[in-house]
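Chemist: when you get a sec, could you give me coordinates for this:
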Amino acid sequence: MSDFPDCQPRPARAGLVPYIVRWSGERPVNTPVVAKGRTGIGYQHERPGDRDARGVLWTRYVRAPGEGTPEFGGVHPYRQRRAMRRLLCQVCSGPADRNERGVLWLVGNAGRGWSGEDVTGHPPVCLRCAGTARRACPYLRKSGTLALRVRDAPLVGVSGKLYEPHRRDLVCLGPVTLAYDDPRVRYLQATQLMRALRDWTAVDL
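Modeler: This is a model prediction of the structure:
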């Protein structure tokens, strides 16, 4: 079953607001997280799309792109997850640019170098939207931008809020990023999907 049973692509408004950006009219749905015994956490009444293909629980969010004002410092979990899974451009939601050297990604910290095993929650981009992504993302504007062609970018984990069972209740331990093979991931309420960028070449756009 698809992780996105009712998803329709939504282009960025006038090409200025990236597809993955959260709008002020989009907020978390107030659904209590409950313990599911040794299987981890869940919702009392789960529905399609609450879990990804690896069985990790995801935060429920109102989906209303275009309502209110864009919050450029945050991403919408549903759209970020869709873009990462399908390698879609984070700005226009079309296919990310790909050639013989790999898929196009923009990463920060250009002035401090980049290792070969970095993990990112930023989806890739298409050539047409690379400039918009660089201007719209506060992180990229602050840290500088490095363009990469990536040949190997597997899905490796998730970011979100980690819970811990405590007697008959759950205690929220705060935000973490966990690999899919970490046993604690069954107690994570995810908000971002992560890929490792392993086999890459820096390029000049």
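Chemist: strands along this protein, start to end?
Modeler: Secondary structure of the chain by DSSP state E: the strands cover 21-23, 33-35, 41-43, 57-58, 70-75, 98-99, 102-107, 118-120, 146-152, 155-166, 169-179, 188-197, 199-203.
Chemist: nearest to residue 128, of those?
Modeler: Taking C-beta to C-beta as the measure, the strands of the chain were each checked against residue 128, and strand 102-107 came out nearest at 10.7 Å. Where C-beta positions appear, they are placed from N, C-alpha and C, glycine not excepted.
Chemist: contact partners of the closest one?
Modeler: Under the criterion C-beta atoms under 8 Å, 6 or more residues apart in numbering, residues 87, 96-98, 114, 118, 120, 122, 124-127, 130, 133-134, 137, 140, 145-153, 197, 199-201, 203 lie in contact with strand 102-107.
Chemist: just the buried residues from those, in PyMOL please.
Modeler: In PyMOL, this line selects whichever of these come out buried by 16 or more other C-beta atoms under 10 Å:
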select buried, resi 87+96+97+120+122+124+125+126+130+133+134+137+140+145+146+147+148+149+150+153+197+200
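Chemist: tell me the spatial nearest neighbour of residue 168, not counting adjacent residues.
Modeler: Setting aside the residues directly before and after it, residue 168 is nearest to residue 35 in space (C-beta to C-beta, 6 or more residues apart in numbering), at 7.9 Å.
Chemist: how about low-confidence regions in this structure?
Modeler: For the chain, applying pLDDT under 70 flags the ranges 1-15, 109-117, 143.
Chemist: could you report the neighbour count for residue 167?
Modeler: 6 (other C-beta atoms under 10 Å).
Chemist: how close does it get to residue 37?
Modeler: Counting by C-beta to C-beta, to the nearest Å, the separation of residue 167 from residue 37 is 14 Å.
Chemist: residue 54 versus the residue nearest to residue 168, what's the distance?
Modeler: When residue 35 is compared with residue 54 (using C-beta to C-beta), they lie 19 Å apart.
Chemist: coming back round to it: between the strands of the chain, which gets nearest to residue 91?
Modeler: For residue 91, the closest of these is strand 21-23, at 9.0 Å, according to C-beta to C-beta.
Chemist: hmm, who's touching the closest one?
Modeler: Among residues not part of strand 21-23, those counted as contacts by C-beta under 8 Å, 6+ apart are 64-72, 74-76, 136.
Chemist: okay, now the sheet partners of it, with direction.
Modeler: Sheet neighbours of strand 21-23, with direction, are listed as strand 70-75 (antiparallel) (DSSP bridges).
Chemist: report the angle between the partner strand and strand 188-197.
Modeler: Regarding strand 70-75 and strand 188-197, their directions subtend 90 degrees when assessed with axes from the mean of the first three to the mean of the last three C-alpha atoms, to 10 degrees.
Chemist: buried residues in strand 70-75, which are they?
Modeler: Within strand 70-75, the residues that qualify as buried by neighbour count (16+ other C-beta under 10 Å) are 70, 72, 74, 75.
Chemist: what sits against residue 147?
Modeler: 104, 105, 106, 130, 202, 203, 204, 205 are the contacts of residue 147 under C-beta under 8 Å, 6+ apart.
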